[in-house]
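Chemist: sequence and computational prediction follow.
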Protein chains: 4
Amino acid sequence: MGKKAVELAKKAEKVHQETGVSIGLAPQYCDITALVNTVSLPVFAQHIDFAQAGSYTGHVLPEAVKAAGAVGTLINHSERRLKLADIDAAITRARELDLTTVVCSNNAQVSAAVAALQPDMLAIEPPELIGTGIPVSKAKPEVVSGTVELVRRVNKEVTILCGAGITKGEDVAAAIRLGTAGVLVASGIVKAKDPYTVMREFADAITR
Amino acid sequence: MGKKAVELAKKAEKVHQETGVSIGLAPQYCDITALVNTVSLPVFAQHIDFAQAGSYTGHVLPEAVKAAGAVGTLINHSERRLKLADIDAAITRARELDLTTVVCSNNAQVSAAVAALQPDMLAIEPPELIGTGIPVSKAKPEVVSGTVELVRRVNKEVTILCGAGITKGEDVAAAIRLGTAGVLVASGIVKAKDPYTVMREFADAITR
Amino acid sequence: MGKKAVELAKKAEKVHQETGVSIGLAPQYCDITALVNTVSLPVFAQHIDFAQAGSYTGHVLPEAVKAAGAVGTLINHSERRLKLADIDAAITRARELDLTTVVCSNNAQVSAAVAALQPDMLAIEPPELIGTGIPVSKAKPEVVSGTVELVRRVNKEVTILCGAGITKGEDVAAAIRLGTAGVLVASGIVKAKDPYTVMREFADAITR
Amino acid sequence: MGKKAVELAKKAEKVHQETGVSIGLAPQYCDITALVNTVSLPVFAQHIDFAQAGSYTGHVLPEAVKAAGAVGTLINHSERRLKLADIDAAITRARELDLTTVVCSNNAQVSAAVAALQPDMLAIEPPELIGTGIPVSKAKPEVVSGTVELVRRVNKEVTILCGAGITKGEDVAAAIRLGTAGVLVASGIVKAKDPYTVMREFADAITR
């Protein structure tokens, strides 16, 4: 949050500049503008509400995160699960506002359901591994490969990410080998002693 | 509820016996056992919670509706929308308990997402028509046919129902012509002056 | 659930008949009628929804639990927390239907807030002790006595219960000494090897 | 939102400077910092989540709105109702962070419950009048005066506001006469053709 978010964003930007690997940032809502004003990386909201027009106090308006400079949003993060109909409405609203959608899911079956809703990206994260340091790409490779398989039957175009327990470059390399395009990661970087080095290691695992 | 639910169930049973059309009942939780004890029709719960073992006070346990005699359950009814991950968990749990699942959806896209979760049946009901007497099968035929099309790309086997605004036999006939296997209906029957005649008309529209 | 719920209810009835101590039962919704038909003890729902008239599929209607024979209901159980406005609406609706309300709370301050809503009873249960076997009345006596004190400033008449971790007669005796009128207990009885003996011990602790 | 929020804030600041009446602002989360950087008025969040440490993606962290420059927050707005236990937790967390709390309620009884939780301010807003232009202070004066009476039995110090349907200076004057300290208003100002004039009229009604 705050200054720390800006510092971390600068390190991510450096990794991007050094490696060419695409990196997006998803800070607290209040920090979106600060990051947009500081770094050239794409900034995402962590969630949007599909609020009814005119009665949205306390909700996160898609228009507001757009106005703040976000280019996209996470939807249905494991810590902010949504109703199915609301995921659909959020994706539709985001598309109208030209916001890129990254919808999170918890298993292969749910990933296929998400894929049917036509988001831009989806991120499979088995909740039991989130924050554990046990990488999904190594501990449950069949979940990742199974997700890719089920999703591709429904949707050929969605970009597939995975997450949960990713802390090392080799976890990222495994994720790529299993057919995903990248990783969604929070604690593995935010809680690292040296976030730059971790991000650089992740990026190198993708370019190698 | 209560005695009225039993009376209505008997009329439904009569229509089933006269026409051979399959009819299921979805009463209040408290009335499941009474209906099971009175009529030979399959009884469904209106919802189940996917409760964590041991901490489920106030929730509707799948095991409890099973023990009460229900053979299946509605999931994600328009008046009881669930989180995506919870729909998936409820379907999985119901399957383990051999409960038939009927998952509701609000548009074609969401229906495809539901279909990816492999329920036994799905019921598309545009919320703006529910309870209006404006039949989905006539007012929005493209929603029904579009649902059938999108769903079949994802799932060849799920039984597709439709609902919302169904009050006449011709609405049911239209639903069948559009490719569904039947209707999910509440107010069209419950609020009718003569529910038997309405149900008979519905059944005749299917067998004709 | 089911037959086990009926068996347990009969044991509770026996304890009531032997000791004169008031015992209420709060089973799964589907089991309300079976208990009402079997034992003479008051039966409570575990929760009611304050549903909007006519759009309540999947919800627990106050009228339905009343029709099933319940004389009251738990509201806001720790495993089924409600919005403040919904607690108020549920209490109001229950009062209209002459259903006794037992509203749960998690600390002294929240108990005072509940008391301001004028339920018939309230039950303070620190969530961190629920199901642990560490009795609130002994591990956190100040929470119980503090609750009684704060509640009485706001409401002189509400019956105060406590719960969480109650497994022995001495825990019940401590609860009574701290100024409550009884206990709300689930796992302490349901998971006991010999529920009759535990309930009898609890009852004896009250009458002694 | 965005630039319009900043413009409106400047007009509010002008009214404050001309009249000395206290005015607080509660914009979208993304706009908190922009308003803090532009005007000298106190800025509030529209809501905070009481998030568990470390698992708060998509939630509004109290620390984040504080870091963004907010001095307080609305809690339990009619469009963002919270569970009772979460209102209590949010008030407690806000107090630890020295954030001023303004908790909304929907009737006199619920206001008394809120008052028992010791917020800094509470705002009674009958939901059926919100956004209607029918002022609570004139259409339902007994709700406002009844709230003041019930709240004062429980809490002598909480600042009481009212809202819903406030569009004219006379509505504000009526609110003050009924014992409140001010008004909580959104559409009456945001949707006004000339927000400055409306705010000035409101302020004059308080100082007169």
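Modeler: Noted; the coordinates are in hand. Numbering: from 1, shown residues only, chains lettered A, B, ... in the order given.

Chemist: check which residues of the longest helix anywhere in chain A are buried.
Modeler: The helix that spans the most residues within chain A, counting by DSSP state H, is helix A:2-19. Residues A:2, A:5-6, A:8-9, A:11-13, A:15-16, A:19 are the ones in helix A:2-19 that count as buried (16 or more other CB atoms under 10 Å in any protein chain shown). All C-beta spots, glycine's among them, are computed from the backbone N, C-alpha and C.

Chemist: among those, which one lies nearest to B:Ile166?
Modeler: Of all the buried residues of helix A:2-19, B:Ile166 sits closest to A:Ala5, with 52.4 Å by CB to CB.

Chemist: run the contact check for the helix or strand following the longest helix of chain A versus chain D.
Modeler: Next in sequence after helix A:2-19, counting helices and strands by DSSP states H and E, comes helix A:32-38. Yes. Interface with chain D: helix A:32-38 contributes A:32-34 (CB under 8 Å from any CB of the partner chain).

Chemist: strand partners (parallel or antiparallel) of the helix or strand following helix A:32-38?
Modeler: Using DSSP H and E, the helix or strand that follows helix A:32-38 in sequence is strand A:44-45. Sheet pairing of strand A:44-45 (DSSP bridges) gives strand A:72-75 (parallel).

Chemist: what segments of chain A are helices?
Modeler: A:2-19, A:32-38, A:62-67, A:84-96, A:108-116, A:136-139, A:141-154, A:169-177, A:187-190, A:195-207.

Chemist: mean neighbour count, those helices: which tops it?
Modeler: helix A:108-116 (a mean of 27; mean count of other CB atoms under 10 Å in any protein chain shown).

Chemist: so which residue is dead centre in chain A?
Modeler: Centroid-nearest residue in chain A, with CA atoms, centre = their mean: A:Leu184, separated by 4.5 Å.

Chemist: my read: it touches A:Glu125, true?
Modeler: Yes. Here A:Leu184 reaches A:Glu125: they are 6.6 Å apart, a contact under CB atoms under 8 Å.

Chemist: related to what we said a few turns ago, give me the lowest-pLDDT entry from the buried residues of helix A:2-19.
Modeler: For the buried residues of helix A:2-19, the model is least confident at A:Gly2; its pLDDT is 87.

Chemist: any idea of the mean pLDDT for stretch A:40-53?
Modeler: Average pLDDT, stretch A:40-53: 87.

Chemist: which residues touch it?
Modeler: Residues from elsewhere that reach stretch A:40-53 (CB atoms under 8 Å, 6 or more residues apart in numbering or on different chains): A:9, A:12-13, A:16, A:23-29, A:32, A:35-36, A:56, A:59-62, A:65, A:69-75, A:77, A:80, A:86, A:89-90, A:93-94, A:99-100, A:102, D:57-59.

Chemist: buried ones in it, by neighbour count?
Modeler: Buried residues in stretch A:40-53, counting neighbours by 16+ other CB under 10 Å, are found at A:41-51.

Chemist: which one of those residues sits closest to chain B?
Modeler: Checking the buried residues of stretch A:40-53 against chain B by CB to the nearest CB gives A:Phe50 as the nearest, at 12.3 Å.

Chemist: nearest spatial neighbour of the closest one, skipping sequence neighbours?
Modeler: A:Ala89 (3.9 Å; CB to CB, 6 or more residues apart in numbering or on different chains).

Chemist: what's the closest of the helices of chain A to C:Tyr196?
Modeler: Closest approach to C:Tyr196 among the helices of chain A is made by helix A:108-116 (44.6 Å; CB to CB).

Chemist: ok, the closest one near chain B or not?
Modeler: Yes. Helix A:108-116 reaches chain B (CB under 8 Å from any CB) through A:109-110, A:112-116.

Chemist: quick one on the thing from earlier: contact partners for the residue nearest to the centre of chain A?
Modeler: With contact taken as CB under 8 Å, 6+ apart, A:Leu184 is in contact with A:102, A:104, A:123, A:125, A:161-163.

Chemist: A:Lys10 now?
Modeler: A:Lys10 touches A:38-39, counting by CB under 8 Å, 6+ apart.

Chemist: go again with 10 Å.
Modeler: A:35, A:38-39, A:41, A:196 (CB atoms under 10 Å, 6 or more residues apart in numbering or on different chains).

Chemist: ok, it to chain D distance?
Modeler: A:Lys10 sits 17 Å away from chain D, going by CB to the nearest CB, to the nearest Å.

Chemist: what's the answer for A:Val185, then?
Modeler: 11 Å.

Chemist: what is the burial count for that residue?
Modeler: 24 (other CB atoms under 10 Å in any protein chain shown).

Chemist: check contacts around the closest residue to it other than its chain neighbours.
Modeler: Excluding the flanking residues, the one nearest A:Val185 by CB to CB, 6+ apart is A:Ile166, at 4.8 Å. By CB under 10 Å, 6+ apart, the contact list for A:Ile166 reads A:125, A:129-130, A:133-138, A:172, A:174-175, A:183-189, A:198, A:202.

Chemist: try 8 Å
Modeler: Counted by CB under 8 Å, 6+ apart, A:Ile166 has contacts A:135-137, A:172, A:175, A:183, A:185, A:188, A:202.

Chemist: by mean pLDDT, which helix or strand of chain A comes out lowest?
Modeler: Every helix and strand of chain A was ranked by mean pLDDT, DSSP states H and E. The lowest is helix A:136-139, at a mean of 85.

Chemist: distance of the residue nearest to A:Val148 when sequence neighbours are not counted relative to chain D?
Modeler: Nearest residue to A:Val148, sequence neighbours excluded (CB to CB, 6+ apart): A:Gly179, at 3.9 Å. Distance check for A:Gly179 against chain D: by CB to the nearest CB, it reads 25 Å.

Chemist: my read: A:Gly179 touches A:Gly146, true?
Modeler: No. Here A:Gly179 lies out of contact with A:Gly146, judged by CB under 8 Å, at a distance of 10.2 Å.

Chemist: can you pull out the low-pLDDT segments for chain A?
Modeler: Along chain A, segments meeting pLDDT under 70 span A:51-54.
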